[in-house]
Structures are given as structure tokens and as C-alpha cells.
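Peer 1: Here you go, sequence then predicted model.
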Amino acid sequence: MRMFWPDGCVGALEIDRKSPEFWNKCINEFLRYYTYDPRVATEDEARASIRAHMRDNVRRTLSDDRERADIKIADAKGTTYADHMPLYMKPGVWSRLAEYWVSDEFKKKSITGKKAREAVKAPHTSGARSFDRRRRDYIEVHNGKLDELAVYKDCHTLKDEERKGEWITEEAKLIIGKAPAAEDDDPDDDANDDESTESDNDHGMSAPYEVVSRGGPVIKG
């Protein structure tokens with residue numbers, strides 16, 4: 001995907017406007033190595049699901065790269081995003097991103113997003129990180145296993161020393177109370193790693209079909 005990433009595009013919507021052919025290039029490259037199972041999906045459905053998966057990857061990649069750069073900038077005072085380009089990123093893409101992330105446009109979007117998160121009925125404590133990013137972080141720490149209830153608690157309980165583990169709102173507590181097997185869980189207890197379950201959708205595919213690797217394992221979506 002990074003190989004075909006068009007210079008100057010800072011996200012999926014900009015790719016749609018400036019280089020819509022990007023998606024088909026990536027899908028065609030993907031289908032050189034994988035195929036879909038025609039028993040459960042048509043080619044159009046398979047391509048649509050791969051495209052949706054790629055759009056999520058664009059968002060996650062940009063978010064992850066910016067967060068890593070923020071850490072490096074904090075450690076190396078006086079540097080900017082332009083000084084911390086990942087080795088796998090095309091210079092033309094990174095140059096535009098470095099400008100965009102310090103622009104008023106990006107700052108306004110960040111403020112709008114923060115206000116929107118604060119306005120929801122059950123706000124969360126995940127900050128700017130998406131729940132999907134929190135799930136991936138959990139999976140990395142717990143050897144590929146995912147406990148959705150543990151991730152939900154992490155995203156909806158307070159983190160400061162005095163109130164650590166308390167639910168951010170009563171609504172957040174009520175929501176998890178309706179989840180299966182949630183009755184025996186105490187929000188103040190650490191998650192039981194041994195009871196974690198594997199993710200039902202590790203690859204982020206959005207349609208119910210299988211992508212079969214040519215000469216490799218089956219990837220279920």
C-alpha cells in the first residue's frame with residue numbers, strides 16, 4: 001500500500017479526490033497473492049471489503065506514524081515531523097504530512113473531534129487513540145489474544161491515582177453491565193489474561209467471506 005501511496009495525500013478522502021485509482025492498484029496487487037472464496041462472496045463484494053480494510057489501514061498508519069513522531073520530537077527538542085520520516089514512507093508523502101499535521105486545518109479537526117467525543121452520552125478515556133488502536137495494543141501485549149471487556153474497561157475508566165479504575169460515567173458502567181458474563185467482573189480488578197479470547201476479526205475484513213492465500217493459509221474475514 002505504501003508503494004502506491006500518492007504524493008501529497010494526507011488521508012483516504014484526499015486520495016478519493018486526487019488519486020482514486022490508488023485503491024484499485026492496491027487491490028489488484030493484493031489479488032496477485034490472494035483470492036476470494038466464490039461460495040460466500042462475489043468478486044465485487046470481495047473487492048469492496050478489501051477496499052474498506054485498506055481505508056482503515058490508511059487511517060491507522062497515519063495515526064501510528066504521527067504518534068511515533070510525536071514521541072521522537074518530544075525526546076529531541078527542536079526537531080519537527082520532517083526530521084522523523086519512517087524508512088518505509090515516500091518522501092513526497094511525508095513532506096505533505098509534516099506540513100498538514102502542524103496546519104490550522106488539522107488543529108481545528110482535532111479540536112472538533114475532541115468536542116464530539118466529550119459530547120457523547122458515554123464518553124471514554126482513550127484520548128485521541130481509537131478503540132481499534134486500543135484493541136491492537138491489547139493484542140500485542142497479550143500474545144495475540146483479545147478480551148473485549150478488558151479493552152472496554154480500559155477505555156471507560158479513570159486513570160488518575162485517586163480515582164483509578166472508577167467508571168467515567170454511570171452510563172458506561174450500565175453498558176458493560178449488559179454484556180455477557182460481565183456480572184462477575186469488578187472494574188477495580190485487573191483483567192484476567194487467561195480468560196482472554198482470540199479476536200473474531202483479526203484482519204479487519206468487513207464482509208463475511210474468506211480470502212484464500214495462493215499457496216498459503218486461509219485468511220478469514
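Peer 2: Nice, thanks for sending it over.

Peer 1: Distance check, the residue in the chain sticking out farthest from the centre against Arg66.
Peer 2: Residue farthest from the centre of the chain, counting by CA atoms, centre = their mean, is Glu162 at 30.1 Å. Per CB to CB, to the nearest Å, Glu162 is found 31 Å from Arg66. To be clear about C-beta, it is placed using only N, CA and C from the backbone, and glycine gets the same treatment.

Peer 1: ok, now Arg32?
Peer 2: Applying CB to CB to Arg32 and Arg66 gives a distance of 30 Å.

Peer 1: Neighbour count for those two, which is higher?
Peer 2: Per other CB atoms under 10 Å, whichever of Arg32 and Arg66 has more neighbours is Arg66, with 17 against 8.

Peer 1: number of nearby residues for the closest residue to that one other than its chain neighbours?
Peer 2: Nearest residue to Arg66, sequence neighbours excluded (CB to CB, 6 or more residues apart in numbering): Trp101, at 5.9 Å. A total of 18 residues lie near Trp101 under the criterion other CB under 10 Å.

Peer 1: I'd guessed Trp101 sits against Tyr81; true?
Peer 2: Yes - with contact defined as CB atoms under 8 Å, Trp101 reaches Tyr81; the gap is 5.6 Å.

Peer 1: which neighbours do those two share?
Peer 2: Taking CB atoms under 8 Å, 6 or more residues apart in numbering as the contact rule, Trp101 and Tyr81 both touch Arg66.

Peer 1: Where does pLDDT dip in this structure?
Peer 2: Across the chain, residues meeting the criterion (pLDDT under 70) sit at 117-124, 126-131, 178-221.

Peer 1: related to what we said a few turns ago, please report phi then psi for the residue farthest from the centre of the chain.
Peer 2: Main-chain dihedrals, Glu162, degrees, to the nearest 10: phi -70, psi -30.

Peer 1: do you know how far it is from Lys153?
Peer 2: To Lys153, Glu162 is 18 Å away according to CB to CB.

Peer 1: now do Asn143
Peer 2: Separation of Asn143 from Lys153 (CB to CB): 19 Å.

Peer 1: neighbour count winner among those two?
Peer 2: Comparing Asn143 with Lys153 by other CB under 10 Å, the one with more neighbours is Lys153, at 24 against 8.

Peer 1: For that one, what are phi and psi?
Peer 2: Here is the backbone geometry of Lys153 (degrees, to the nearest 10): phi -60, psi -40.

Peer 1: I figured it was touching Lys173, is that so?
Peer 2: No - counting by CB under 8 Å, Lys153 does not reach Lys173; the two are 9.8 Å apart.

Peer 1: Contacts for the helix or strand harbouring Gly92, please.
Peer 2: Using DSSP states H and E, Gly92 falls within helix 91-100. The contact list for helix 91-100 (CB under 8 Å, 6+ apart) reads 2, 5-10, 62, 65-66, 80-82, 85-86, 106.

Peer 1: packing partners for the longest helix belonging to the chain?
Peer 2: In the chain, taking DSSP state H as the definition, the longest helix is helix 43-75. For helix 43-75, the elements it packs on are helix 12-18, helix 21-30, strand 34-36, helix 91-100, helix 131-141, judged by 3 or more CB pairs under 8 Å, 6 or more residues apart in numbering; DSSP states H and E.
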